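Q: What follows is a predicted protein model with its sequence.
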Amino acid sequence: MVRLRRILIANRGEIAVRIIRTLRELDLTSIAVFSEPDRVALHVLMADEAYPIGPGPPGESYLNRDRMIETAVRVKADAIHPGYGFFAENADFARACRDAGIEFIGPRPETIATLGDKLAARAAARDAGVPLVPGSDGPVARLDAARDVARQIGFPLMLKAAAGGGGKGMRLVRDASELETAWTLTRGEARAAFGDDQVYIERAIERPRHVEAQIVGDALDQVACLGERECSVQRRHQKLLEETPSDALDPAGRARLAEAACHVARKVRYLGAGTVEFLLDPAGDFYFLEVNTRLQVEHPVTEMVTGLDLVAEQLRVAEGASLSFGETPPEPRGWSMEARIVAEDPLARFMPSAGRIERLRLPEGPGVRNDEGIYRGYDVPVFYDSLLAKLIVWAEDREAARRRLLRALNEYVLEGVHNNLAFQRWLVSHPEFAAAHLSTRFVEEHFDPDSIEPRGEAIEVAVLAAALHAGEERLRVALPESNGGERSAWKWGDRRRRAGRIAR
Amino acid sequence: MVRLRRILIANRGEIAVRIIRTLRELDLTSIAVFSEPDRVALHVLMADEAYPIGPGPPGESYLNRDRMIETAVRVKADAIHPGYGFFAENADFARACRDAGIEFIGPRPETIATLGDKLAARAAARDAGVPLVPGSDGPVARLDAARDVARQIGFPLMLKAAAGGGGKGMRLVRDASELETAWTLTRGEARAAFGDDQVYIERAIERPRHVEAQIVGDALDQVACLGERECSVQRRHQKLLEETPSDALDPAGRARLAEAACHVARKVRYLGAGTVEFLLDPAGDFYFLEVNTRLQVEHPVTEMVTGLDLVAEQLRVAEGASLSFGETPPEPRGWSMEARIVAEDPLARFMPSAGRIERLRLPEGPGVRNDEGIYRGYDVPVFYDSLLAKLIVWAEDREAARRRLLRALNEYVLEGVHNNLAFQRWLVSHPEFAAAHLSTRFVEEHFDPDSIEPRGEAIEVAVLAAALHAGEERLRVALPESNGGERSAWKWGDRRRRAGRIAR
Amino acid sequence: MRFWVALAGRDAEVEFRREGDALVLEMEGRTLAADFRRLPDGEVYSLLIDGRSHEVRVSPAGSGLEITIHGATLPVEVRHPLERLLQATPQAAGRGAGETIVAPMPGLVVAVRVRPGEKVAAGQPVAIVEAMKMQNELSARQGGVVSEVLVAEGAPVTVGQPLVRLEGSP
Amino acid sequence: MRFWVALAGRDAEVEFRREGDALVLEMEGRTLAADFRRLPDGEVYSLLIDGRSHEVRVSPAGSGLEITIHGATLPVEVRHPLERLLQATPQAAGRGAGETIVAPMPGLVVAVRVRPGEKVAAGQPVAIVEAMKMQNELSARQGGVVSEVLVAEGAPVTVGQPLVRLEGSP
C-alpha cells in the first residue's frame, strides 16, 4: 500500500474546491494549479499550495500535459486528482503519470482506454450480459451497410461516433430519407472532432430517461454499486438537474440496474469511482449507454443519501486500501437533488456569460449543501466551463426535496453574471417535474423563455424601487433632450454611487 | 385540526432565519418582526412580510408582550413561533396568545409554568421515577435547615434558585464554612433576578457531563425521544459546542436516558419539542436537571442524524396532527457536531463585540450546514445575544465529524467583529476533545488564551504581507516624529484605500 | 415627489410623500405604505411594501438604471412626469429653422449657460431649471446661434415658457 | 525595496525585488519566492510564498496597519529601515533648549517648509526628504522659532545631516 500525502489537483472551479475540502479533512496536502486568469480563483485561495500552469486557454494550461506532469514532479506531488473534464478520461495522461512515478487517481489507463472507445465499451457490456440498445455490432463501414442495419433495427435511429462522448458526435435519423445526409455529416464531424470517423448505429429510444449507476471498485477487485442517479433533465445533452433515487425504478428494477452496472465493472476490473449510463425506455426497460471513468459532476446526490465521501473512497482505493464500507454499501436514505448553477442566460438561448460576481449570498440551512467555485468579487473568466456552483439538497422524500430545493433557489442571491437561477426555479416549480414525468426531452417540450420573465409583484416592486431610488438620488437630474419630442431617460449625477459593472 | 397559514416569528437572528426556511418549504407565510436596529437584519430580508415592533432594547420590542400580540392580531397571524429566549418559555405570553385567538407554537401554558418552576419540575421527574441529584425535597426556608440538608447530602453542594434558569441563580458551596455567605448571596440574587427568593439544595456533581434528551410530543399524547445531545463544553454555563450522540453513553445507557426523558414528558402530557437535561457523573449515572420547554439552540445536530425537521414537527403538532414518523422515530445515523459562532473575543475574556461584518465567506461542501443570522455588510447590534451563526457538520463517526468541523472552521472567513473562531479551532483540535474526555469544566481546565495567539507561519506571512502592502502603497510616507528618539509607525497616504472600519 | 417609470413595457406614475414616520406611495390609484432602506452591502435596498419584504438592487446601466429583483434584471427608465407634456409640445420646425428651448415644468431658473450670439452645439446645455428640489438641465436639441435669452437667472418660469431662442445653422 | 516591520513583539527587515516575472523576498537571511495579488473583494491579498497559499487582509488602523490572517487580527507597524538609525542618533537637549531636524536617511531635499524667524509648532512639518522613491515628511518634535535653514530644496543630504535648527520657546 502506498501512502499518498501530497495531492495535486489538475483542475479548477467547484470540483477543485470540492476535492480540496476532502483533502483537508484527511489531513493531506492539497496542491492547486492555476492558469493566469485563475490566479485568485477560489481553488487557489483554498488550497495549501498553488502553482502557475500557463495562460488562460486550456490547451496551454489545464490541458498542457507536459507542464502538468513536470509541475507535479517538481512540487513533489504523490498523486494527481484529475477531477472531471480536462485529463479525467485521458488514458495517455494516466500513463504519463504512472511513468513519472505519480499516482493517477482514477481507473487503470487500460480501463480508461477500453471504456473510452464506445464500441469496445459496448462489447464489454455485451460480454457482461447487460442489455444494449439494439444496433450494429461494430462500426459500420459504408452507407449501404448502414442502410442494411437501419432496415433491420428500424427508425428512428442514432448515428454515433465510436470516439464520441459528452453528448458530441451523435445525430438522430428519423426516417430513411434522412440517412444519407446524416451519415455524411456525422462521419465528417467525427473525423474533425475526434480524428476518427468510425460510426455505429443504435435504435433511437424516444423520450427516454437518462439513468446512471454509481460504481466504485478497489484493488482487491471488490466492486459496489452505490445506487442510481436520474439525470433526464438536460439541454443539448448537458445535464441541468440530477436526483437520486430515480422515481422511474421500483425496487426490483433498481436491483437489476445495480446488478448490470456491477457486471460491467467486474468485467473490466474497475478501480476507483465511475458511472455506468443507461437509457430507460417508457416501458421500464434499460439499455447500456456508456461508462464514464471519472467522478461525475452530480456525484454529491449519491453522497447525500449514502453518507459516503466519494473523493475519500477514490483516495482509499488509489492507496490500495479496500472500500470504507466493506462488502455492503450503506443503505441509501431519503432523497437528494442537485441543481447546476451555470453562467448561462436562459433568456438568450443559454449564452454563456462572464464577468464579476457582484453579489453572492448562498442558500444555507437544513438539508442544503453548496459545492461552489465562486466568491463575491470573483471575475468569472471566459475560458472555461460555465458551471459556477452546484446546489444540492437532501430531504426524506422526493416532494420534500423538491420543496427544499425551491426554497434554496429562492434564497440564492447571485448577481453580476447572467445565470440560470430563474430557469431552475421554473423547472423545480413545474407540475410535470413535481409529478416526476421526466425524459431527456423535458426542456424541449416544456420550456418557453417567456415563462421565466418576471411579472406581477416583481414588476410592480421594481417600478416602486426605481421611483424611490430616484427620490434618494435627487442630486442632479438632466433632461438631455428635454426640448425635443423624443423619449429620454434621466441621467443621474450620483455622488454616492460606487463603481459597478454589469456583465452583459 | 386547525390549519396554520400565517406564522409570526417573535424572534430575530439565526433562529428566526431557521424558522423562515422551514416555513418556506411548507409554503406557509413567514412574518418577521423587527426592532429599530434590526431593520435590515437577515430575518427581515428573508421573511415574506416584516413589521416594526419597537426600539432596540428587548423590553421595548421583542419582549414587549402587548405590542407583539397586537401586531400578530393586526397582521392576521394564525400562530406565533417564539424561537428560543425572549417569550419562548413564558407561560403568560403563551396564555395571552391563546386569549387573542392565536396559536402559540410550544407546549401548553400550564406545562411551561410547571416545568419553569424548578422545584415543580423536580417533583414531576421524581413522580415519573427519574433519578434526581440528591438534595432537598423542596425549598429550604432557613439557614439552619440548609445546614441540616447539607449534613445529610454532604459537600460540595449547589444552592439553586427555584425560579432560576439558563445558568443563572446557582452557586457552588465547597464546604461548611462557605455555606452561610453563599446562602445569603444566592437568596439575594434570586430575589433581585427572579423576584422569588426560594432556594433549594442539590449535591454538586464534580466534573459532570451535560447530556440532554430531545423529546417531542403530539396532541394525541404520543411522545418520542429523538436521541441525546452532549453539551458539556461550556463556559459560564453557556454552551459552546454540542454533539450527538454522546460518546459517554453505551446503547443500554442511551436507552435508559431516553426512557427517563419520555417518562417525564408523559407525566406532563408534553406537547411540541422540548429538552430534558441531565447531568452525567463520571461513573455513568445520570440525574435529572431540568426541562427546557422550547426548541434548543443546538437542535440541528439532532436533525442531522435523524433527518427530521424539528420546526416542521412543531408546526404539525401545533395543528393537532401526529408526529411525522408515527410511533417509531427514525434510527439515528452517523455523528453531528455544532460549533456556536459568537461575537465574543476569547482573547479578552470573551467580551461581546459589535460592529460591521466586513467580510464573510461561510464554509460549504460535504456535510456542512450553516444556520446564520448575518450577511456581509450587516451591522451586529449591541442589544442582543452574541450568537451570529451556527456551524453544524455531519459525518459517519465522531472522528470524521471532528475533522470535518475543523476543516469548516478553517474555511470560515468572518471579519469585522471579534469572534470565537480561533477558540473553536483550538477546541476542536485539542487532544482531550478528540479523545472525548469532556466535562462542563473542560474550558476552565484546558483553555489558555495564549494557545490561540497566532504564531509561526501566520506571523511570518503577516510580516511579509505588511511589507508587500507597504510596497504597493508607496505613495506618500511620513515619519511624523522622525527626529525624536521615539518609535513611530509610518502613516500611509493611500489614494486607493476605501473607507473601512474595524470593530474593537 | 412624483416620477414616471417605464419598465418592461409598463408605464406608471409613482408619487410618494412622508406622513410622519411613514412613507406613502401612490401608484395607479392605489395607496401603499412603504419603508425603504439602503443595505450596508452595496447598491441594495430593503423595501417593505404594505409589509411585504423585498430585496432590490438598483444599479446604473448606461444612461438609465437596472433593477435586480429576485434574480431578474430589468432595465428601467425614470423620468419626470412632466416629460409627458413635452411629448405633446409642438415640435420645433425642421433643422435649420432654429429652435426654442422652453421650460418643461414650472420652476426656478437656476442658471443660463449661454449668451446672445454664442454658437451652441446639439446637446449642449443651455439652462438649468430647478423644480421639486431637482435640477433639470435643458439642452439644445439641434444647436444653432443664440438669438435671444428670454429669462434671467433666479426668475420663476411656468410650463412651456420660452427660455432661449436659437437661430438655425445653415 | 526594504522595510522594517514590527508585529507581535517581533521585528524583521524585509527586502523585495522583481526578478523578471518573479518577486523575490529576503527575510532574516532566507530567500523566498512570492506572488502577491489584490483580490477584487476589498483590501484582501492572495499571497503565495514558496507556493504556500495565504489570504491576508490589510486594513488601516489608526496610524498603523492591521493584518488579518487566518481569522487572527494583528496590529503591525511598517517603518523605514533607516529609522533604526534614528534611535541611535543622540537626542536633542531638553525642552526649551531648541532642536535640530536632521535627515534620517540619505536622500534628496524635496521641500523646505519653513523660513528663518518663523514660529513652528510641535509636530509641524518642516521639510520633505525623498529616498527610495518615498517622500518622508520631517516634523518638529517640540517646536520653536527657526534659527537656521541649512539646506536648499533639491540638495542631496546624508544620514544625520542637519537640515533646520530651531530655538526653543521659553
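A: Everything's here; your move.

Q: Domain map for chain C?
A: C:2-79, C:93-168 (automatic domain parsing).

Q: residue ranges with poor pLDDT in the chain?
A: All of this refers to chain A. Scanning chain A for pLDDT under 70 picks out A:165-167, A:474-504.

Q: could you do chain C instead?
A: Residues of chain C meeting the criterion pLDDT under 70: C:42, C:63, C:81-97, C:132-134, C:169-170.

Q: got the residues of it near chain B?
A: C:35, C:37, C:39, C:40, C:41, C:42, C:46, C:48, C:51, C:52, C:53, C:55 (C-beta under 8 Å from any C-beta of the partner chain). Placement of C-beta: from N, CA and C, glycine included.

Q: And the residues you listed, which of them are buried?
A: Buried members of these, scored by 16 or more other C-beta atoms under 10 Å in any protein chain shown, are C:35, C:39, C:41, C:42, C:46, C:48, C:51, C:53, C:55.

Q: correct me, but the third one touches residue A:359?
A: Pointing back at residue C:41 there. Yes - the pair residue C:41 / residue A:359 is scored as a contact, 7.4 Å apart, by C-beta atoms under 8 Å.

Q: Show me the strands in the stretch 301-450 of chain A, by range?
A: A:335-342, A:344-345, A:351-352, A:355-356, A:359-361, A:368-372, A:379-380, A:387-395, A:413-415 (DSSP state E, counting those that start in this stretch).

Q: out of the ones you listed, nearest to residue B:256?
A: Taking C-beta to C-beta, strand A:387-395 is the member of the strands of the stretch 301-450 of chain A nearest to residue B:256, at 31.5 Å.

Q: That closest one and chain C, are they touching?
A: No - judged by C-beta under 8 Å from any C-beta, strand A:387-395 makes no contact with chain C; its nearest approach is 13.1 Å.

Q: Dihedrals phi and psi, residue A:184?
A: Backbone torsions of residue A:184, given as degrees, to the nearest 10, read phi -60, psi -50.

Q: whoops, I mixed them up, residue A:131
A: In this entry, residue A:131 is assigned phi and psi values of phi -60, psi 140 (degrees, to the nearest 10).

Q: Could you measure from it over to residue A:217?
A: Computed as C-beta to C-beta, to the nearest Å, the residue A:131 to residue A:217 distance reads 21 Å.

Q: which one of these two has more residues nearby?
A: Using other C-beta atoms under 10 Å in any protein chain shown, the more surrounded residue of residue A:131 and residue A:217 is residue A:217, with 24 against 14.

Q: ok, what's across the strand from that one?
A: Counting by DSSP bridges, residue A:217 is bridged to residue A:223, residue A:272.

Q: Surely it is in contact with residue A:272?
A: Yes - applying C-beta under 8 Å, one finds residue A:217 in contact with residue A:272, separated by 6.7 Å.

Q: Report the set of residues contacting both of the two.
A: Here residue A:217 and residue A:272 share the contacting residues residue A:317, scored by C-beta atoms under 8 Å, 6 or more residues apart in numbering or on different chains.

Q: Identify the spatial nearest neighbour of residue 112, chain neighbours not counted.
A: As the question left the chain open, I've gone with chain A. Spatially, and ignoring its direct neighbours in sequence, residue A:112 is nearest to residue A:91 (4.1 Å; C-beta to C-beta, 6 or more residues apart in numbering or on different chains).

Q: Chain C was what I was after
A: Spatially, and ignoring its direct neighbours in sequence, residue C:112 is nearest to residue C:127 (5.0 Å; C-beta to C-beta, 6+ apart).

Q: So the residue of the stretch 51-200 of chain A at minimum distance from chain D: helix, strand or coil?
A: Evaluated by C-beta to the nearest C-beta, the stretch 51-200 of chain A has residue A:51 as its residue closest to chain D, separated by 5.9 Å. At residue A:51, secondary structure determined by DSSP: H, G, I helix; E, B strand; the rest coil is strand.

Q: Relative to residue D:35, how far out is it?
A: In this view, residue A:51 and residue D:35 are 10 Å apart by C-beta to C-beta.

Q: residues in contact with the helix or strand hosting residue A:71?
A: For residue A:71, the host element (DSSP states H and E) is helix A:65-74. Helix A:65-74 has contacts (C-beta under 8 Å, 6+ apart) with A:8, A:10, A:31, A:33, A:51, A:53-54, A:61-62, A:80, A:87, A:92-93, A:96-97, A:100-102.

Q: Just give the closest residue to the residue of chain C found nearest chain B, not the sequence neighbours.
A: For chain C and chain B, the shortest gap (C-beta to the nearest C-beta) falls at residue C:41, measuring 3.0 Å. What sits nearest to residue C:41 in space, not counting adjacent residues and going by C-beta to C-beta, 6+ apart, is residue B:377, at 3.0 Å.

Q: ranges for the helices of chain C?
A: Shown for chain C, the helices assigned by DSSP state H span residues C:83-88.

Q: what do you get for the stretch 251-400 of chain A?
A: A:251-267, A:299-306, A:310-318, A:398-411 (DSSP state H, counting those that start in this stretch).

Q: Quick check: which of those is nearest to chain C?
A: helix A:398-411 (7.7 Å).

Q: what comes up buried for that closest one?
A: So for helix A:398-411, counting by 16+ other C-beta under 10 Å, buried means A:398, A:400-411.

Q: Any part of it near chain B?
A: Yes - using C-beta under 8 Å from any C-beta, helix A:398-411 reaches chain B at A:400, A:403, A:404, A:406, A:407, A:410, A:411.

Q: What is that helix packed up against?
A: Helices and strands touching helix A:398-411, by 3 or more C-beta pairs under 8 Å, 6 or more residues apart in numbering or on different chains; DSSP states H and E, are strand A:335-342, strand A:387-395, helix A:421-429, helix A:431-434, helix B:13-25.

Q: want to try JSON lines for these, with mean neighbour count as columns?
A: As requested, these are arranged in JSON lines below (neighbours: other C-beta atoms under 10 Å in any protein chain shown):
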{"stretch": "strand A:335-342", "mean neighbour count": "26"}
{"stretch": "strand A:387-395", "mean neighbour count": "25"}
{"stretch": "helix A:421-429", "mean neighbour count": "22"}
{"stretch": "helix A:431-434", "mean neighbour count": "13"}
{"stretch": "helix B:13-25", "mean neighbour count": "26"}
